[in-house]
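S.K.: Sequence isn't available, so here's the structure alone:
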């Protein structure tokens with residue numbers, strides 16, 4: 001049983017509607033319904049009853065609601081006590097360049113607001129390098145795109161990012177469509193990261209499955225330089241939507257296909273090694289990422305594990 005299930009159940013009862021509660025909580029109705037179904041299965045009893053006008057609690061649901069509300073109040077009081085204790089310390093956080101572009105400013109501000117005595121040390125690097133740093137205990141937590149190098153990490157699925165063709169309409173062979181497949185990009189000159197990047201491997205593998213090759217005009221490993229080349233208008237790139245955070249005026253065409261997305265995983269040192277400041281930072285990092293997605297501030301991102 002999880003606290004989020006208790007909050008969800010209480011809000012559904014308060015609003016009398018699964019759909020209204022889902023909208024307020026920022027989740028789809030089906031995901032909220034699944035949470036309640038799991039809760040009912042765990043308790044082996046029906047908590048909600050559907051009516052013509054919405055949902056109402058059963059007798060068991062009303063009894064459960066009183067205790068759920070008490071548990072929520074106790075949890076909120078515990079969280080407030082922890083914040084008032086002025087948590088202190090240092091936390092090392094690693095983000096890939098595209099992720100940092102959209103997430104870092106909001107995360108740093110949120111940490112300053114919630115935990116002003118916690119000092120952040122931010123590292124921007126390739127996902128593979130971040131994994132190595134985490135294994136070497138040089139980072140407390142990071143957002144990475146695979147866990148092949150994991151050594152006793154705590155791994156939380158966070159979100160999926162759809163990849164996009166990013167560039168200017170003046171780019172040669174720029175498609176005249178809102179969405180395209182890789183097979184339609186044969187003539188578009190691309191600037192991409194080198195093979196050291198997981199993103200490049202993902203793109204190359206997707207082209208290979210089509211029996212095609214990308215039209216590589218240049219390889220650039222720095223996001224700032226890569227995006228500067230794209231702004232000129234002679235080349236385009238394939239990146240997740242987060243890359244547009246610093247360049248909202250650039251054109252964007254979403255790529256279709258099951259392989260053209262990137263999973264973001266929130267990983268950290270194991271629970272027994274993570275400091276209280278690290279635990280707090282992990283919660284804030286996840287909260288901020290989800291808030292950005294729900295607000296539409298993370299282009300092409302969709303939440304996982306709701």
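M.R.: It's in. Bear in mind the structure is a predicted one, so any value in this text is a computation, not a measurement.
S.K.: Strands of the stretch 101-250 of the chain, start to end?
M.R.: Counting by DSSP state E, counting those that start in this stretch, the stretch 101-250 of the chain has strands at residues 118-124, 141-144, 154-167, 179-180, 190-192, 216-219, 237-240.
S.K.: by contact count, what packs against the fourth one?
M.R.: In this case it means strand 179-180. Using 3 or more Cβ pairs under 8 Å, 6 or more residues apart in numbering; DSSP states H and E as the contact test, the elements touching strand 179-180 are strand 251-255. C-betas here are computed from N, CA, C, even on glycine.
S.K.: what does the strand it packs on contact?
M.R.: Defining contact as Cβ atoms under 8 Å, 6 or more residues apart in numbering, one finds that strand 251-255 is touched by 162-169, 174-175, 177-182, 238, 241, 244, 299-300.
S.K.: Please spell out the ChimeraX selection for the buried subset of these.
M.R.: Those of these that count as buried under 16 or more other Cβ atoms under 10 Å are selected in ChimeraX with:
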select :162,163,164,165,166,167,168,174,175,180,182,238,241,244,299,300
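S.K.: quick one on the thing from earlier: which stretch among the strands of the stretch 101-250 of the chain approaches residue 6 most closely?
M.R.: strand 154-167 (19.7 Å; Cβ to Cβ).
S.K.: can you tell which of the strands of the stretch 101-250 of the chain is closest to residue 1?
M.R.: strand 154-167 (18.4 Å).
S.K.: the domain parsing of the protein - what is it?
M.R.: Taking the TED database as the reference, the chain has its domains at 3-82, 87-159+263-303, 161-260.
S.K.: In TSV: these, plus mean pLDDT.
M.R.: Formatted as TSV, the domains of the chain follow (pLDDT from 0 to 100):
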stretch	mean pLDDT
domain 3-82	86
domain 87-159+263-303	90
domain 161-260	88
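S.K.: re the thing from before, for residue 22, which of the strands of the stretch 101-250 of the chain is the nearest?
M.R.: Taking Cβ to Cβ, strand 154-167 is the member of those nearest to residue 22, at 18.1 Å.
S.K.: Output the contacting helices and strands for that closest one.
M.R.: With contacts taken as 3+ Cβ pairs under 8 Å, 6+ apart, strand 154-167 sits against helix 198-209, strand 237-240, strand 251-255, strand 261-268, helix 276-295, strand 301-303.
S.K.: So which of the ones you listed is the most surrounded?
M.R.: Taking mean count of other Cβ atoms under 10 Å as the contact definition, the stretch among these with the greatest mean neighbour count is strand 237-240, which reaches a mean of 27.
S.K.: ok so, going back, kindly reformat the strands of the stretch 101-250 of the chain as a markdown table and extend each row with distance to residue 109.
M.R.: Converted to a markdown table, the strands of the stretch 101-250 of the chain look like this (distance: least, Cβ to Cβ, whole Å):
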| stretch | distance to residue 109 |
| --- | --- |
| strand 118-124 | 11 |
| strand 141-144 | 17 |
| strand 154-167 | 19 |
| strand 179-180 | 34 |
| strand 190-192 | 32 |
| strand 216-219 | 34 |
| strand 237-240 | 22 |
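S.K.: nearest to residue 263, of these?
M.R.: Comparing those by Cβ to Cβ, strand 154-167 comes nearest, at 5.7 Å.
S.K.: That closest one pairs with which strands, parallel or anti?
M.R.: Sheet pairing of strand 154-167 (DSSP bridges) gives strand 237-240 (antiparallel), strand 251-255 (antiparallel), strand 261-268 (antiparallel), strand 301-303 (antiparallel).
S.K.: who's in contact with residue 190?
M.R.: In this structure, residue 190 makes contact with 214-217, 235-238, judged by Cβ under 8 Å, 6+ apart.
S.K.: from those residues, which is closest to residue 25?
M.R.: Closest approach to residue 25 among the contacts of residue 190 (Cβ to Cβ): residue 238, at 33.5 Å.
S.K.: Quick check, that closest one in contact with residue 162.
M.R.: No. Using Cβ atoms under 8 Å, residue 238 is not in contact with residue 162, being 11.0 Å away.
S.K.: if I pick residue 210, what's in contact with it?
M.R.: When contacts are counted by Cβ under 8 Å, 6+ apart, residue 210 touches 182-183.
S.K.: Residue 33 versus that one, what's the distance?
M.R.: As judged by Cβ to Cβ, to the nearest Å, residue 210 and residue 33 stand 38 Å apart.
S.K.: again, but for residue 137
M.R.: As defined by Cβ to Cβ, residue 137 lies at a distance of 41 Å from residue 33.
S.K.: Wait, residue 244 touches residue 165, no?
M.R.: No. At 11.5 Å, residue 244 does not count as touching residue 165 under the criterion of Cβ under 8 Å.
S.K.: partners of residue 263 in the sheet?
M.R.: According to DSSP bridges, the partner residues bridging residue 263 are residue 160.
S.K.: so who does it touch?
M.R.: With contacts taken as Cβ under 8 Å, 6+ apart, residue 263 has the following neighbours: 145-146, 157, 159-161, 304.
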